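Visitor: quick one, structure for this:
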Amino acid sequence: MTFNDFELHESLQMGLNDIGYSEPTPIQQQSIPEALHGKDILGAAQTGTGKTGAFVIPIIELILRNPAQGTKALILSPTRELAQQIDEQIFALGYHSGISSATIIGGEDFSRQADAIRAGVDIIVATPGRLIDQMKVLDVDFSNINFLVLDEADRMLDMGFLPDVNHIIDKLPKKRHTMLFSATMPKELQKLMRSVMKDPVKIEIEVSTTSKQVDQRAYFAPPRKKLGAVQYVLDNLDWSSCIVFSATKKGTNELERLLNQKGIKAGSIHGDRTQDERTASLRAFKNGAVPVIVATDVLARGIDIDNVSLIVNYDVPKAVEDYIHRIGRTGRYDKEGIAVTLVSKADQKFFDPIKKKVGDDLKVLELPDEKAEAEKSGKSAQSSKGNKKVEVKLKEKRQSGKSTSKKKDEKSEKAVDSKPINLEKETVKISTSKEGKVIIELKGKPKPEPGKENKQKPSKKASGKKVEVKLKKEKDPKKEKPKQNQKKKAAIRKDFEAPERIGKATERKQTVRKPSKGMWGLIKSFIPKFGK
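Guide: Here you go, the predicted model:
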């Protein structure tokens, strides 16, 4: 089956050809004919199945068939990114037909959005919160609305938009076509469905299932090792673009910073970023300028990004449906992908239902041991506390009768003295001499320097070498000699002799009578002193 079988308007068919749509997806194949006949649609399908086309194509076709003044369709979306993506598809499909649209979302120019509403564009794509803000300022004319679409309705419910959605629906005409698309059907949503829809046609395509084209893996990692696990995954798997999902906005910022510090070019997107920042990050990721983007669940649903080959769940999602939507970002349009989930002890309660739902398609693996990885790369593993490399400078004892010249011995001694010896690769025998010296005897042959293998050939007779290492004794504070400046001061005190006049002054001071206080002191000062 092709889109030609729907007998669509020529200008719409041209738009489909422009974006390369030739065959409808299963949900489009079932939804479009029913919508063209004016039926309400209740669609349930996993992400990446072409839900946007399932409602945009029939809306454009019916507007072309019955042209009228004013805004004729309202599409509500939970996130700005999804609203922008829907508007882009409307622009592409309706380019040749002159269909106009506008996005009413937070973070963009409020007055420009108000002008679009007053002008009566054909289709409004909005997030509920910003549309409510516009309705408080403007007297929005919804009288010509013939189509209402609630996209990702369960997500809007999770984000607390249900009161705003009910308020908006109350302002719409009762006679209209309604299409609701959702991955799950909680009780609150079922109640809304019954109140806003009339005998809907239910279309269900692979709800709450994961794609067989996605290689699903889980690694157990404590929180402090998750960043290292992300780096291991990025270093060892074959990927071209990657989305890393974090549970919080703060965690998203921190993870982006840490990845960039490690030399991994990464961007981020979450609800606290300005719309310009979010748009720029998403654009850079889509065009390949930034290969990794860290995001909250704002990027988990509906966003159509081509060639995402790797998904990393840094934090385990709290709901099975969120896991399915996250990993649905890869393995799209008959392409293969990989989804990796990092599970800590605290994540176990959320991971167990996911594992139960997915079954054997989700493989639980262990991260390779750090020591084994270090040995594999030819490096000795060292603990995080930091084992210091010990370099012992060894002085080779010249064997009697072997030295040919003094210069040669000095050259050999200097070469041995300047080389650190790897004790792990040598057979070492340690003994102590009578004088208290430690003797280290190396049984192995020293490894020649790179590029000098052919120049210096070790002697076959020299089976080993003995080295004496003098141990540095601890200083005894009692026997410790005074420092040079202390000696100098002591010498000055010892050699100092007071001049004669200073001695007489001291003697005189001892015989001088100290003055008394008050009147008696005054009288006493006039009485001559007798005796010595």
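Visitor: alpha carbons only for contacts and neighbour counts from here, please
Guide: Fine.
Visitor: need the next SSE after the helix or strand hosting Ala92, C-terminal direction.
Guide: Secondary structure assigned from DSSP states H and E places Ala92 in helix 80-93. Once helix 80-93 ends, the next helix or strand along the chain (criterion: DSSP H and E) is strand 101-104.
Visitor: confirm Gly43 sits in a helix?
Guide: No - under DSSP: H, G, I helix; E, B strand; the rest coil, Gly43 falls outside any helix and is assigned strand.
Visitor: break down the stretch 51-200 of the chain into its strands, ranges please.
Guide: 73-76, 101-104, 123-126, 147-150, 177-181 (DSSP state E, counting those that start in this stretch).
Visitor: so can I have a markdown table of those showing mean pLDDT and distance to Leu62?
Guide: Formatted as a markdown table, the strands of the stretch 51-200 of the chain follow (pLDDT from 0 to 100; distance: least, CA to CA, whole Å):
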| stretch | mean pLDDT | distance to Leu62 |
| --- | --- | --- |
| strand 73-76 | 97 | 10 |
| strand 101-104 | 95 | 15 |
| strand 123-126 | 97 | 12 |
| strand 147-150 | 96 | 10 |
| strand 177-181 | 94 | 11 |
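Visitor: and for stretch 343-358, what's in contact with it?
Guide: Here stretch 343-358 makes contact (CA atoms under 8 Å, 6 or more residues apart in numbering) with 209-210, 218-223, 315-320, 323, 362.
Visitor: of the residues you listed, select the buried ones using a ChimeraX command.
Guide: Selection of buried members from those for ChimeraX, criterion 16 or more other CA atoms under 10 Å:
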select :209,210,218,219,220,221,223,315,316,317,320,323,362
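Visitor: closest one to Val165 out of the contacts of stretch 343-358, please.
Guide: Of all the contacts of stretch 343-358, Val165 sits closest to Ala319, with 23.2 Å by CA to CA.
Visitor: now do the helices in the stretch 101-250 of the chain.
Guide: Here the stretch 101-250 of the chain has its helices, by DSSP state H, counting those that start in this stretch, at 110-119, 128-137, 153-158, 162-170, 187-196, 226-236, 249-261.
Visitor: out of these, deepest packed?
Guide: helix 153-158 (a mean of 19; mean count of other CA atoms under 10 Å).
Visitor: what's that helix packed up against?
Guide: helix 187-196 (3 or more CA pairs under 8 Å, 6 or more residues apart in numbering; DSSP states H and E).
Visitor: could you tell me the angle between the helix it packs on and strand 41-45?
Guide: 150 degrees (axes from the mean of the first three to the mean of the last three CA atoms, to 10 degrees).
Visitor: elements contacting helix 187-196?
Guide: The contact analysis (3+ CA pairs under 8 Å, 6+ apart) places helix 187-196 against helix 153-158.
Visitor: walk me through the domains of the chain.
Guide: 3-205, 214-370 (automatic domain parsing).
Visitor: between those domains, which one is closest to Ile523.
Guide: For Ile523, the closest of these is domain 214-370, at 87.8 Å, according to CA to CA.
Visitor: what mean pLDDT does that closest one have?
Guide: Mean pLDDT, computed over domain 214-370, is 89.
Visitor: burial check on Phe350, number of neighbours?
Guide: 16 (other CA atoms under 10 Å).
Visitor: gap between it and Ile59?
Guide: For Phe350, the distance to Ile59 (CA to CA, to the nearest Å) stands at 39 Å.
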